[in-house]
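*Asks:* Predicted model and sequence below, questions to follow.
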Amino acid sequence: MIRKIVLSLMLMNILACTPTQQLVYQRTGMVTCSTHDRMSITLVAEGQAETLNKAVSFAERNAIENLLFKGIPKSNQEKPLISDESKAKVENPGFFSSFVDNRGFQEFVVSSEVADDYLSGKVHFVKQKIVFDLTNLRNYLQKEGIVKKFGI
């Protein structure tokens, strides 16, 4: 009987000490347009992770990837800024590593604020409101040779 109690306590201790599973980034379509004009677009993107900061980072990345590669329904950017994601990533791996993976896109974020944060267990679910400077983003992508100038 005492053996069972000791084994139970040891098992509970082991389970309590196991690290939480790390969530990895996955692009989702959970990005909507709040407002837009010719020069900027305000997006609300969702992200989830084990910390608030990581969930915010995932939401911002979700927003930029959808803006670049998928387009945003009911906005002035219904078509993606980059029409062929696979080709662009193969031809410019260093650019996308720096711009997306290492968050170089932050240069074009005018503001970013948590619109909603919900904690379920150990996972933060956030809705992040992000304003992007579209004019300078387009110009930068053109300058880097990622997209052609409008109308060309």
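*Replies:* Good, I have the coordinates.
*Asks:* For the spatially most central residue of the chain, which non-adjacent residue is closest in space?
*Replies:* The residue lying closest to the centre of the chain (CA atoms, centre = their mean) is Arg61, at 2.2 Å. Spatially, and ignoring its direct neighbours in sequence, Arg61 is nearest to Tyr25 (6.1 Å; CB to CB, 6 or more residues apart in numbering). (C-beta placed from N, C-alpha, C; glycine too.)
*Asks:* The one you found looks like it's in a strand, true?
*Replies:* No: counting by DSSP: H, G, I helix; E, B strand; the rest coil, Tyr25 is not found in a strand; it is coil.
*Asks:* That one: what's it in contact with?
*Replies:* By CB atoms under 8 Å, 6 or more residues apart in numbering, the contact list for Tyr25 reads Phe58, Arg61, Asn62.
*Asks:* List the contacts of the second one.
*Replies:* The reference is to Arg61. Tyr25, Arg27, Gly47, Val100, Arg103.
*Asks:* Check the last one too.
*Replies:* For Asn62, the residues meeting the contact criterion (CB under 8 Å, 6+ apart) are Tyr25, Arg27, Thr28, Met30, Val31, Ala45, Glu46, Gly47.
*Asks:* ok so, going back, give me the distance between the residue nearest to Arg61 and Lys87.
*Replies:* 22 Å (CB to CB, to the nearest Å).
*Asks:* Next, Ala45: secondary structure please.
*Replies:* On the basis of three-state DSSP, Ala45 is classed as strand.
*Asks:* Chain neighbours aside, what residue packs nearest to it?
*Replies:* Ala63 (3.8 Å).
*Asks:* Also Ala59?
*Replies:* Gly47 (3.1 Å).
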